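Undergrad: generate a structure from the sequence data that follows.
(2 chains)
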Amino acid sequence: MNAASDVTFAQVAATLGLVALAVLVSLWQRMRLERGIAVAVARSFIQLTAVGFVIQLVFDGDSLLLVVALIAAMALFGAFTARRRAPTVPRAFVPLLVALALAGTATLVLLVVLGVFRPEPRYLVPLGGMVIGNSMTAAAVALSRLGDEVTASRREIEAALALGATATQAARPLVRRSLRSGVIPLIDSTKTTGVIFFPGIMVGLLVAGAAPLDAVRLQLIILYMLLGSVSIASVTAVVLAQRSFFTSSHQLREPASPRAARG
Amino acid sequence: MLFELHRVSASRGGTEVLREVSLTLPEGASCVAGDSGSGKSTLLRLLNRLADPDAGTIAYGGRALGSMAVLELRREVALVPQLPALLPGTVAENVAFGPGLIGREVEVGSLLELAGLPAAFAGREADRLSVGEQQRVMLARALALEPRVLLLDEPTSALDARARDRVEETLVDLRRRLGLSLVLVTHDLAQAERLADRVVRLESGRVVEADGDRRDAAQPAGAE
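TA: Have a look, this model is predicted:
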């Protein structure tokens, strides 16, 4: 094959040989992951194909309204998924939704305003997907850490409250640690990019036949864009969610069970 | 009257730990004694509104607790919680934390000495102190707020007898020098007798005994 646009379903099917290798390793080492691998392969095929059709529709429609609707839907599903990864944070859904929506909107608007991309569906849709996906992961990690920190640091928080600190002041060290844990993975991967691994966009472009330096430039834009959006999402989610641990009288609420924390 | 509780019920973790408690705590030194789980720590948390009761009313100096600005109340009625409750950082950072929140600077060294520690402890890391030293730093940290009342939650439970005696001496001294009122929670009835003018005994969330005003040796300056 010469370029990515020439890829046929037969070629996709051929790569299942590598999946078969993964299944064999699982069987050999008795990892019991064969079913998981099968489900992952099937789901990725169905989901990506469906998304491909949806994106094609949006491209054909050539309407920014459709782009907004698609990104809103991604933010909604992203918040829904991330909420489950932070079960100890009460009422995490709304902070996550606001965080993803804000990160998506602010990043895309900035990219357009700065003249990096034209406001067209073929740019905004894939970039929006990347922004929401990475923001979701970072916000979920940060919120999960926040929940763990509050559970582990109740004495520290109440000691600060007892000394006249507001809820925000008492939670500040925890918020700082949670934000770091949300953003650090992307900073680390940005640091090692090109040395330890080639990021997906660059690989895709190279395989599709782009000149290496063109691929590098686009990849850099994407990496810098993600650093910004991940920071926006993490800080928004954590700052909004930390309020739910406190009453309006600056009291630390009793810990809720994971089931009760949903919503 | 410093605190008046009327039919106060409170719960923690979904379990009712105080049941219709009515009692008064006068200025001076009061002690709430009881076994583990009797509700005494919860009672202390209600007095500076780290928690609110499910039912009943609490008054401080004749005013309903809920009607007061909560952050001011916590500075005036300072809680010394059970160990370990020091914040990460140095001793000085711990002691200056509360006043720093309202932009006030404090003499850390003198506060440490007031709590029975050498001023040179200011630069030490809080997590490298002995239990007795931590207890005194928590005391200095609360005193830095210039409170009117100190709420002490089992202030000597983690100490050996010698360290306990020294903390008790410091508390008596603080009452005498600063005219502070103390509300002390302890499981140690003998300590309650030694330190308090009034002892209230809790059992399973109810008041089972409230002796009269026994103030004698430890009469503080400025007390009623």
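
Undergrad: which stretches of chain A form strands?
TA: Ranges of strands within chain A: none, based on DSSP state E.

Undergrad: show me it divided up by domain.
TA: A:1-61, A:62-261 (automatic domain parsing).

Undergrad: out of these, which is closest to chain B?
TA: Smallest distance to chain B across the domains of chain A (C-beta to the nearest C-beta): 3.7 Å, for domain A:62-261. No exception for glycine: its C-beta is placed from N, CA and C like everyone else's.

Undergrad: read off the pLDDT value for B:V185.
TA: pLDDT, B:V185: 93.

Undergrad: mind checking the pLDDT average for the longest helix along chain B?
TA: Looking only at chain B and at elements set by DSSP state H, the helix with the highest residue count is helix B:161-178. Helix B:161-178 shows a mean pLDDT of 85.

Undergrad: and the domains of chain A, which is most packed in?
TA: Most buried of the domains of chain A by mean neighbour count (mean count of other C-beta atoms under 10 Å in any protein chain shown) is domain A:62-261; its value is a mean of 19.

Undergrad: and the gap between the residue nearest to A:D214 when sequence neighbours are not counted and A:R217?
TA: The shortest distance from A:D214 to any non-neighbouring residue, by C-beta to C-beta, 6 or more residues apart in numbering or on different chains, is to A:L205 (6.9 Å). Relative to A:R217, A:L205 is positioned 10 Å away (C-beta to C-beta, to the nearest Å).

Undergrad: give me phi/psi at the closest residue to A:I221 other than its chain neighbours?
TA: Ranked by C-beta to C-beta, 6+ apart and with sequence neighbours excluded, the top spatial neighbour of A:I221 is A:V116, at 6.0 Å. The phi/psi pair for A:V116 (degrees, to the nearest 10) reads phi -70, psi -40.

Undergrad: just want the most central residue of chain B.
TA: Chain B has B:L151 as the residue nearest its centroid, 1.6 Å off, counting by C-alpha atoms, centre = their mean.

Undergrad: now the strands for chain B?
TA: Counting by DSSP E, the strands of chain B are B:3-12, B:15-25, B:29-34, B:55-60, B:63-64, B:77-80, B:149-153, B:181-186, B:198-203, B:206-210.

Undergrad: which of those sits closest to chain A?
TA: Short answer: strand B:77-80, nearest of the strands of chain B by C-beta to the nearest C-beta, at 4.1 Å.

Undergrad: got any ranges where the chain has weak pLDDT?
TA: Defaulting to chain A. A:1-5, A:256-263 (pLDDT under 70).

Undergrad: switch to chain B, please.
TA: If you take pLDDT under 70 as the line, chain B has these spans: B:210-224.

Undergrad: give the contact list for A:Q242.
TA: When contacts are counted by C-beta atoms under 8 Å, 6 or more residues apart in numbering or on different chains, A:Q242 touches A:L146, A:A167, A:T168, A:A171, A:L174, A:V175.

Undergrad: in CSV: the residues you listed, plus distance to chain B.
TA: Shown next, in CSV, are the contacts of A:Q242 (distance: C-beta to the nearest C-beta, whole Å):
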residue, distance to chain B
A:L146, 17
A:A167, 10
A:T168, 11
A:A171, 13
A:L174, 11
A:V175, 14
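
Undergrad: between these, which sits nearest B:P118?
TA: Set against B:P118, the nearest of the contacts of A:Q242 by C-beta to C-beta is A:L174 (32.1 Å).

Undergrad: nearest spatial neighbour of that closest one, skipping sequence neighbours?
TA: That would be A:E149: by C-beta to C-beta, 6+ apart, it lies 4.1 Å from A:L174.

Undergrad: contacts for stretch B:165-175 next, please.
TA: B:28-29, B:114-116, B:132, B:135-136, B:139, B:143, B:150, B:152, B:155-156, B:159, B:180, B:182, B:184, B:191, B:194-195, B:218, B:220.

Undergrad: and the one residue in chain B that gets nearest to chain A, how many residues sit next to it?
TA: Taking C-beta to the nearest C-beta, chain A has its nearest neighbour within chain B at B:G98, 3.7 Å off. By other C-beta atoms under 10 Å in any protein chain shown, 25 other residues sit near B:G98.

Undergrad: tell me which parts of chain B are close to chain A?
TA: B:12-14, B:48-52, B:70-72, B:74-75, B:78-79, B:81, B:84-88, B:97-98, B:101-102, B:141-142, B:145 (C-beta under 8 Å from any C-beta of the partner chain).

Undergrad: turn the buried ones among those residues into a named ChimeraX selection, would you?
TA: Here is the ChimeraX command that selects the buried residues among the residues of chain B next to chain A (16 or more other C-beta atoms under 10 Å in any protein chain shown):
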select /B:48,49,50,51,70,71,74,75,78,79,81,84,85,86,87,97,98,101,141,142,145
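
Undergrad: rewinding a little: among the contacts of A:Q242, which are in helices?
TA: In helices, defined here by DSSP H, the members of these are A:L146, A:A167, A:T168, A:A171, A:L174, A:V175.

Undergrad: spatially nearest residue to the third one (excluding sequence neighbours)?
TA: Setting aside the residues directly before and after it, A:T168 is nearest to A:Q242 in space (C-beta to C-beta, 6+ apart), at 7.5 Å.

Undergrad: cool, and the fourth one?
TA: When the adjacent residues along the chain are set aside, A:A171 lies closest to A:Q242, with 4.7 Å between them (C-beta to C-beta, 6+ apart).

Undergrad: what does the stretch 151-263 of chain A put close to chain B?
TA: Counting by C-beta under 8 Å from any C-beta, the stretch 151-263 of chain A comes close to chain B at A:155-156, A:158-166, A:169, A:173, A:247, A:249-252, A:254-255.

Undergrad: cutoff 10 Å now
TA: Residues of the stretch 151-263 of chain A lying near chain B by C-beta under 10 Å from any C-beta of the partner chain: A:153-166, A:169-170, A:173, A:247-255, A:257.

Undergrad: the helices in chain A, which residues?
TA: With DSSP H as the criterion, chain A has helices spanning A:9-14, A:16-28, A:34-61, A:64-85, A:93-113, A:121-152, A:154-162, A:167-192, A:200-207, A:212-242, A:258-261.

Undergrad: indicate which one of those is closest to B:T24.
TA: Distance to B:T24, taken as C-beta to C-beta, is lowest for helix A:154-162 among the helices of chain A, at 23.1 Å.

Undergrad: what angle do the closest one and helix A:167-192 make?
TA: Angle, helix A:154-162 to helix A:167-192, by axes from the mean of the first three to the mean of the last three C-alpha atoms, to 10 degrees: 130 degrees.

Undergrad: how far off centre is helix A:154-162?
TA: Centroid separation between helix A:154-162 and its chain, computed with C-alpha atoms, centre = their mean, to the nearest Å, is 32 Å.

Undergrad: next one: stretch A:22-39
TA: Centre to centre, stretch against its chain (C-alpha atoms, centre = their mean), the figure for stretch A:22-39 is 27 Å.

Undergrad: gap between the two ends of it?
TA: End-to-end span of stretch A:22-39 (C-alpha to C-alpha, to the nearest Å): 13 Å.

Undergrad: give me the residues contacting it.
TA: The contact list for stretch A:22-39, computed with C-beta atoms under 10 Å, 6 or more residues apart in numbering or on different chains, reads A:L16, A:V19, A:A20, A:A40, A:V41.

Undergrad: hmm, A:L218 is touching A:V203, no?
TA: No. Taking contacts as C-beta atoms under 10 Å, A:L218 lies outside contact range of A:V203: 11.7 Å.

Undergrad: quick one: which two of the contacts of stretch A:22-39 are the most distant?
TA: Within the contacts of stretch A:22-39, A:A20 and A:A40 form the most distant pair, 13.6 Å apart (C-beta to C-beta).
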